[in-house]
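Asks: Pasting the sequence and the predicted model now:
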Amino acid sequence: MATTDQDKTPGNNGPRHVAIIMDGNGRWATMRGRPRLFGHHAGARRVREIVEACPDLGVKYLTIFAFSTENWKRTQVEVAGLMMLFRRYISKEAKALLAKGVRVRFIGDRVRLDDKLVALMDELELLTSHNDKVHLTIALNYGGRDEVARATKRLAQDVADGRLDPASVDEETLPKYLDTCVLPDPDLVIRTSGEARISNFLLWQSAYAEYEFIDTLWPDFTSEIFADLIEKFGARDRRFGAVKA
């Protein structure tokens, strides 16, 4: 369901789909003399507040970058702690997400994740599959280039098997093979912590997204800050390559 230019309507409406690069957990903890995992736990608690703020702000889809394909390069202690945190978050938040009408999806390559975590992910997706108030997508072991490579392999296999005519392949074809194929493209991408790069996040999908790079570290990112960015988005003039008459 990737959005095309024809699906986008220029105007001052708020974002329907917001994607967030949740950065700064480690620095937040270090500034307080605590281990990096302390910051990751604080960041996980912040997710609930932002998810709960979405309906009142008109945000139907929220995608958060939890763990990248490059994050495996961190210390074994931090990676193991993050994996434990993900398992704990899913187990702890499942009932609340279900009760609040949140549908959860995971994107990314699950092959490298441990079986217990994958089972919890599958269970949460199934448990919330009938919810429609907010669509929360969690990018876990996700990288934009990796996603495009995996999608291209599937597309190539369909061509090889005769299910897809190569002459019919255009820019609308590949999105059908992406992890986000059932989601609209993001309207707004936010990165916290003062870094001004997208770090391999939703490379294809964010071609026409608006960006906000803010200095706030993720554990300090409140619903009030979120609301301010949503309001600021509404004042932007989004023409998608067109010009006003």
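Replies: Structure received.
Asks: quick one: the helices in the protein?
Replies: 25-31, 36-57, 76-99, 115-127, 144-160, 223-234 (DSSP state H).
Asks: what about the fifth one, average pLDDT?
Replies: Same thing as helix 144-160. When pLDDT is averaged along helix 144-160, the result is 98.
Asks: buried set for it?
Replies: Residues of helix 144-160 classed as buried by neighbour count (16 or more other Cβ atoms under 10 Å): Gly144, Asp146, Glu147, Val148, Arg150, Ala151, Leu155, Asp158. C-beta coordinates here come from the backbone N, C-alpha and C atoms, glycine included.
Asks: hang on, the last one packs against Leu164?
Replies: This points to Asp158. Yes. Between Asp158 and Leu164 a contact is recorded at 4.0 Å, counting by Cβ atoms under 8 Å.
Asks: Identify the residue nearest the geometric centre of the protein.
Replies: The chain has Thr63 as the residue nearest its centroid, 2.7 Å off, counting by Cα atoms, centre = their mean.
Asks: who's in contact with that residue?
Replies: 17-20, 107, 136-139, 180, 183, 186, 202 (Cβ atoms under 8 Å, 6 or more residues apart in numbering).
Asks: what's the distance between it and Pro15?
Replies: 11 Å (Cβ to Cβ, to the nearest Å).
Asks: Name the residues contacting each of these two.
Replies: By Cβ under 8 Å, 6+ apart, the residues touching both Thr63 and Pro15 are Pro186.
Asks: From the structure, what's the count of residues near the closest residue to Asn71 other than its chain neighbours?
Replies: In this structure, Asn71 finds its nearest non-sequential neighbour in Val79, 7.1 Å apart by Cβ to Cβ, 6 or more residues apart in numbering. Applying other Cβ atoms under 10 Å, we find 14 residues neighbouring Val79.
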